[in-house]
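Engineer: model the following, please.
(one chain, ligands or ions: 1)
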Amino acid sequence: MEKIAIFASGSGSNAENIIRHFAGKEDFCITRIYCNVPDAYVLERAKQLGVPATVFTREEFRHPEGIFRQLQEEGTDFIVLAGFLWLMPGHIVEAYPNRIVNIHPALLPSYGGKGMYGHHVHEAVIAAKEEESGITIHFVNEHYDSGSIIFQAKCPVLPEDTADTLAERVHELEYRYFPRVIEETVMDLLD
Ligand code: GRF
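Structural biologist: Next up, the predicted model:
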């Protein structure tokens, strides 16, 4: 049984989609939602879906006896960042080589890095008059959005797009691909 933990800071629609994807699959378990924002909607989703959640402070995140210890004690095999904005501390990255993935709502290496999240990404893509955007699923290292790329999918950027309409199109790609790319990535580790 592969134990997967999800880190999320916001609405958590991807987290919910991932939980639903793995529900009932015998070889996988979503063990816990980790969240650094006490009033994030992802916590409500976790409650409704019956998945345990931990809310943590920056100190608990950075200290090896904090979140890392809980991950280890629960036997966590794999970590998914789904709308999580803090950089992973070095001790967690080192303990989970090629076992932490993130999703970014654009085609990296463009439109990534510090401050490039949520609507900022889509606004920058529209301002640059790009004809395509999409999603990037990548391994996580100690820098923003720079780990090796596992998967990308594209969608058009339309002339009339706002950040909201583009975000909606990108979210559709996220919902379609993220769970299955997670599943394949975990399976590859077992080979
Ligand atoms: C997604 O667009 C994801 O690409 C980005 O943060 C957003 C999270 O949305 N990293 P949600 O909280 O899953 O609804």
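Engineer: just the closest residue of the chain to the ligand, please.
Structural biologist: Taking C-beta to the nearest ligand atom, the ligand has its nearest neighbour within the chain at G83, 2.7 Å off. Heads up, the C-betas are built off the backbone N, CA and C, glycines and all.
Engineer: you'd agree that residue is up against E16?
Structural biologist: No - using C-beta atoms under 8 Å, G83 makes no contact with E16, being 11.1 Å away.
Engineer: which neighbours do those two have in common?
Structural biologist: Residues touching both G83 and E16 by C-beta atoms under 8 Å, 6 or more residues apart in numbering: V42.
Engineer: could you list the contact residues of this structure toward the ligand?
Structural biologist: By C-beta under 6 Å from any ligand atom, the residues of the chain that approach the ligand are 8, 10-15, 82-83, 103-105, 171, 174.
Engineer: let me see the contact set for N36.
Structural biologist: With C-beta under 8 Å, 6+ apart, N36 has these contacts: 9, 55-58, 61, 84-86.
Engineer: so which of these is the most crowded?
Structural biologist: Greatest neighbour count in the contacts of N36, by other C-beta atoms under 10 Å, goes to F84: 24 neighbours.
Engineer: give the contact list for that residue.
Structural biologist: Per C-beta under 8 Å, 6+ apart, neighbours of F84: 7-9, 36, 102.
Engineer: what does G75 give?
Structural biologist: Applying C-beta under 8 Å, 6+ apart to G75 gives the contacts 3, 31.
Engineer: if we use 6 Å, what do you get?
Structural biologist: K3 (C-beta atoms under 6 Å, 6 or more residues apart in numbering).
Engineer: tell me which of the residues of the chain next to the ligand fall in strands.
Structural biologist: 103-104 (DSSP state E).
Engineer: write down the beta-bridge partners of I6, one by one.
Structural biologist: Beta-bridge partners recorded for I6 (DSSP bridges): I33, V80.
Engineer: all strands for this structure, in order.
Structural biologist: For the chain, the strands defined by DSSP E occupy 2-7, 28-35, 53-55, 78-81, 100-104, 132-139, 149-156.
Engineer: now distance to T165 and mean pLDDT too, for those strands, in a markdown table please.
Structural biologist: Output for the strands of the chain, formatted as a markdown table (distance: least, C-beta to C-beta, whole Å; pLDDT from 0 to 100):
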| stretch | distance to T165 | mean pLDDT |
| --- | --- | --- |
| strand 2-7 | 27 | 98 |
| strand 28-35 | 28 | 98 |
| strand 53-55 | 31 | 98 |
| strand 78-81 | 25 | 98 |
| strand 100-104 | 19 | 97 |
| strand 132-139 | 11 | 98 |
| strand 149-156 | 11 | 98 |
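Engineer: looking at those, spot the one closest to E184.
Structural biologist: strand 149-156 (8.5 Å; C-beta to C-beta).
Engineer: partner strands of that closest one, with direction?
Structural biologist: strand 132-139 (antiparallel).
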